[in-house]
Every structure is written in structure tokens, then in C-alpha cells.
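A.B. asks: sequence first, predicted coordinates after that:
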Amino acid sequence: MSVALDFIFKAPMATLPEKGSFAWKTPSNIALVKYWGKYGMQLPKNPSISFTLDACFTLTTLEFKRKQSKEINFDIYFEGEKKDGFKPKIWQFFERIQQYASFIINYHFIIHTRNSFPHSSGIASSASGMAALSLCIMSMEKALNPTMTDDYFYKKASFLARLGSGSASRSIEGPVVVWGKHQDMKGSNDLYGIPFPFTIHKNFKNFHDTILLVDKGEKQVSSTIGHNLMVNHPFAKERFNQASKNLSLVSETLQNGGLDAFINIVESEALTLHAMMLTSHPYFILMKPNTLSIINKIWEYRAQTNAPICFTLDAGANVHILYPEKEKTRINQFIMNELLPFCQKNHYICDRVGFGAKQIL
């Protein structure tokens with residue numbers, strides 16, 4: 001039996017409650033090895049690995065009430081305002097998960113959601129948002145099937161989240177999550193993310209991520225379009241092989257504490273991601289001039305001080321600055337003095353590695 005079949009809802013429908021609500025606080029994540037390119041139903045062309053964040057989160061409340069019609073029905077409110085513009089993506093998500101959570105057609109949903117960070121600006125809002133919604137759906141299923149194990153609960157939550165946004169599969173647990181089949185990662189697969197299966201070196205405990213908000217506006221090109229452009233990309237095959245090799249290398253550094261190797265791999269991955277955008281057809285650029293200015297400042301500072309600081313980028317202009325807990329005083333001073341002028345209105349987020357989603361209601 002395939003894993004997908006294992007995730008089909010089987011509890012008796014007679015136990016469906018009339019109404020209720022659940023709420024989850026779900027983190028964003030920052031990929032160290034990037035996923036870019038997919039196949040089938042939201043499956044990755046290469047494996048990825050990410051830090052789960054803490055301060056960047058989505059808080060979602062899902063209210064549900066029984067109805068007679070057997071069709072998908074919901075309203076969505078983002079930060080207190082009704083957002084019909086969000087409906088197509090969520091509608092698609094509900095359609096995709098219906099075979100795995102058949103009870104959803106029996107309910108009208110009211111979704112209230114908000115982010116602790118700017119929406120659609122290169123911080124993974126779709127990841128934390130779809131993960132939060134999936135966990136609310138799984139709380140409904142858990143109520144219908146109280147004997148469900150925690151292991152099954154979180155695996156299926158990641159599986160469902162992936163159907164809304166691929167990187168959402170990595171926003172369920174923490175502090176490090178692997179998504180995609182990889183020979184060095186026992187239990188890894190393309191269907192859902194798994195916690196990193198090895199002991200993480202103390203150098204990476206309480207690791208910091210200061211996010212410099214270079215551009216808080218809407219991205220010019222969506223991640224979905226970017227992924228699709230990998231289908232006929234001239235460098236796609238080599239990129240997918242590179243990502244798999246880099247995941248092995250990052251795994252080694254996370255276990256042995258090698259900060260220099262970590263820096264080299266993570267920065268290379270960030271630049272490779274954007275190189276894929278620069279060389280796709282049509283080509284596009286999500287970095288801004290200030291993105292490049294920040295990168296050059298980081299390189300200069302590291303050369304002068306030998307500080308273990310590095311950057312990474314998601315699919316956007318904002319810069320994630322990664323560094324160990326023990327270096328926070330001097331690196332924070334560098335950020336405040338040298339890098340904030342490159343941020344939009346001097347805005348930034350102080351974050352660090354977190355430990356996964358939390359149920360609120």
C-alpha cells in the first residue's frame with residue numbers, strides 16, 4: 001500500500017460534530033539547500049533542508065459549521081479583512097486534499113489568519129500559512145479519530161501542507177527538516193518532510209536568523225511560475241544533482257559543527273537559486289540593488305573579522321543573515337551599524353531557529 005493511500009481518511013462520518021474551531025501557530029522556514037522545480041502533484045525535483053524559524057509565523061483559526069450541500073465552501077479573512085483574492089489558492093488546496101480529508105465537504109469554513117511578517121515578500125508566507133491550515137484540518141481529523149498517533153498526525157499534516165505549498169511540508173516540525181528522497185536521510189521521501197534524523201552539533205543550537213527587509217512589496221514573479229520554468233531549464237538536471245550533493249554536505253556540517261563549510265554551501269545555494277531565475281526562459285530577477293549591497297558588506301566584514309556570518313535568500317529580495325548564538329553581540333552591532341540603511345524603512349526581523357508548530361486552540 002502506498003503512503004498516499006495510507007493518508008486517506010477512514011473514520012466513520014457519523015461522528016462529525018456540528019461546529020467547532022481549531023487554531024495553530026505555525027512557523028516559516030528558511031531553506032539551506034533550496035527546492036526549485038517540481039513534478040506531479042507538488043513533488044520536488046530535488047531534496048531540500050531547512051531551519052524552522054521562530055518569530056516568523058502564521059496564526060490561523062479555522063471555524064467550521066455543518067452544512068447540507070456537498071461542495072467546498074469557505075470565507076477567508078487575512079489580518080481582519082475579508083480577502084477573496086486568496087480564495088483561488090485555498091480552493092485549489094481544498095480540492096487537492098479532499099480525497100484525503102473527505103469530511104471537509106460537510107462544512108462551511110471561516111478562516112482567520114495573520115502573519116508576524118510581511119506577506120509575499122520572499123519570507124515563506126505560503127509555507128507557514130498552508131502548514132497552519134493543514135494542522136487545523138488534522139485537528140478536525142484527530143477529533144474524529146482520537147486513536148491517531150502523533151507520528152501519523154504530523155506526517156499527514158506535512159503531506160497535506162505540501163499539496164498547498166511545497167515548502168509548507170517543512171513548516172510543521174523543527175528545528176531542521178528534510179523534504180525529498182535522499183540516500184543519506186533515512187525515512188526521507190517526496191511526500192512529506194521529516195525531522196533531521198541526526199544529532200545537531202552545539203554550534204547550530206539557537207542559531208540566529210536576522211532577516212533584512214529590503215523589499216516588503218509583492219514579488220514580481222510568483223514562486224509557482226518560477227518552479228514551472230525549471231521544466232525546460234537548460235541547467236535543471238545539473239542543478240538537481242548539485243542540490244542532492246549539497247544536502248549531503250550540509251548534513252555533515254550540521255553534525256560536525258563545521259561553520260566554514262556551512263557558510264560556503266549555504267551561500268552557494270542561495271546564489272544558485274537566483275542563478276536559475278537569471279537563466280530561465282523567460283528570465284527574471286528578484287534581487288534588488290540593496291540585496292547585492294548587503295551581500296558585499298557581509299563578505300567584506302567576514303574577510304576583515306573572520307566572523308562566522310553568512311547570508312541566504314529565498315525567492316525574493318530580502319536577506320537572511322545566519323550566525324551562531326555566541327557571535328550575536330558583535331554581529332548584531334555590525335547589522336545595526338552597516339546593514340540597516342539598506343533595508344526598507346530600516347525594517348528587519350530578529351529570528352532564530354525554532355521547534356515547530358504549536359496548537360493554540
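C.D. replies: Yes, it's here. For clarity, every value in this text was computed on a predicted model and none was experimentally measured.
A.B. asks: give me the buried positions along the helix or strand of the chain with the lowest mean pLDDT.
C.D. replies: Ranking every helix and strand in the chain by mean pLDDT, DSSP states H and E puts helix 3-6 at the bottom, with a mean of 78. Within helix 3-6, no residue is scored as buried using 16 or more other CB atoms under 10 Å. Where C-beta positions appear, they are placed from N, C-alpha and C, glycine not excepted.
A.B. asks: contacts for it, please.
C.D. replies: Identification of contacts with helix 3-6 by CB atoms under 8 Å, 6 or more residues apart in numbering yields Tyr100, Phe159, Asn189, Leu191, Tyr192.
A.B. asks: all helices for the chain, in order.
C.D. replies: 3-6, 87-97, 125-144, 150-164, 223-228, 236-256, 259-278, 289-305, 328-334 (DSSP state H).
A.B. asks: residues in contact with stretch 106-116?
C.D. replies: Residues contacting stretch 106-116 (CB under 8 Å, 6+ apart): 13, 16, 55-67, 70, 73-80, 90, 125, 128-129, 132-133.
A.B. asks: enumerate the positions of it that are buried.
C.D. replies: Asn106, Tyr107, His108, Phe109, Ile111, His112, Thr113, Asn115, Ser116.
A.B. asks: check contacts around the closest residue to Thr253 other than its chain neighbours.
C.D. replies: In space, and not counting its chain neighbours, Thr253 is closest to Phe262: 4.2 Å by CB to CB, 6 or more residues apart in numbering. With contact set as CB under 8 Å, 6+ apart, Phe262 has these partners: Phe204, Val250, Thr253, Leu254, Cys310.
A.B. asks: mean pLDDT lowest where, among the helices of the chain?
C.D. replies: Lowest mean pLDDT of these: helix 3-6, a mean of 78.
A.B. asks: quick revisit: next step: the contacts of stretch 106-116 restricted to strands.
C.D. replies: Mapping the contacts of stretch 106-116 onto strands (DSSP state E) picks out 55-66, 73-78.
A.B. asks: returning to what we had before: just how off-centre is the least confident helix or strand of the chain within its chain?
C.D. replies: Centroid separation for helix 3-6 versus its chain: 23 Å, with CA atoms, centre = their mean, to the nearest Å.
A.B. asks: do stretch 33-52 as well
C.D. replies: Centroid displacement of stretch 33-52 relative to its chain, using CA atoms, centre = their mean, is 10 Å.
A.B. asks: what bits of the stretch 1-150 of the chain have low per-residue confidence?
C.D. replies: Along the stretch 1-150 of the chain, the parts satisfying pLDDT under 70 run over 1-3, 119-124.
A.B. asks: switch the cut-off to 90
C.D. replies: For the stretch 1-150 of the chain, the stretches flagged by pLDDT under 90 are 1-5, 10-16, 70, 117-126.
A.B. asks: what number of residues lie near Leu286?
C.D. replies: Here the number of neighbours of Leu286 (other CB atoms under 10 Å) works out to 22.
A.B. asks: ignore what I typed, I meant Asp260.
C.D. replies: Neighbours of Asp260 using other CB under 10 Å come to 11.
A.B. asks: check contacts around it.
C.D. replies: Contacts of Asp260 (CB under 8 Å, 6+ apart): Pro308.
A.B. asks: that one and Gly356, how far apart?
C.D. replies: 29 Å (CB to CB, to the nearest Å).
A.B. asks: which of the helices of the chain sits closest to Ala317?
C.D. replies: helix 289-305 (4.9 Å; CB to CB).
A.B. asks: how far off helix 259-278 does that closest one point, in degrees?
C.D. replies: Interaxial angle, helix 289-305 versus helix 259-278 (axes from the mean of the first three to the mean of the last three CA atoms, to 10 degrees): 160 degrees.
A.B. asks: and helix 289-305, what's buried?
C.D. replies: In helix 289-305, counting by 16+ other CB under 10 Å, buried: Asn290, Thr291, Ser293, Ile294, Ile295, Lys297, Ile298, Tyr301, Arg302.
A.B. asks: how about stretch 183-192?
C.D. replies: Quick answer for stretch 183-192 (16+ other CB under 10 Å): Met185, Ser188, Asn189, Asp190, Leu191, Tyr192.
A.B. asks: same thing with stretch 201-220?
C.D. replies: Per 16+ other CB under 10 Å, stretch 201-220 contains these buried residues: 203-204, 207-216, 219.
A.B. asks: first vs last residue of it, how far apart are they?
C.D. replies: 38 Å (CA to CA, to the nearest Å).
A.B. asks: same question for that stretch, mean pLDDT?
C.D. replies: Here the average pLDDT along stretch 201-220 is 91.
A.B. asks: just name the closest of the buried residues of stretch 106-116 to Ser280, please.
C.D. replies: Among the buried residues of stretch 106-116, and counting by CB to CB, the member closest to Ser280 is Asn115, at 28.1 Å.
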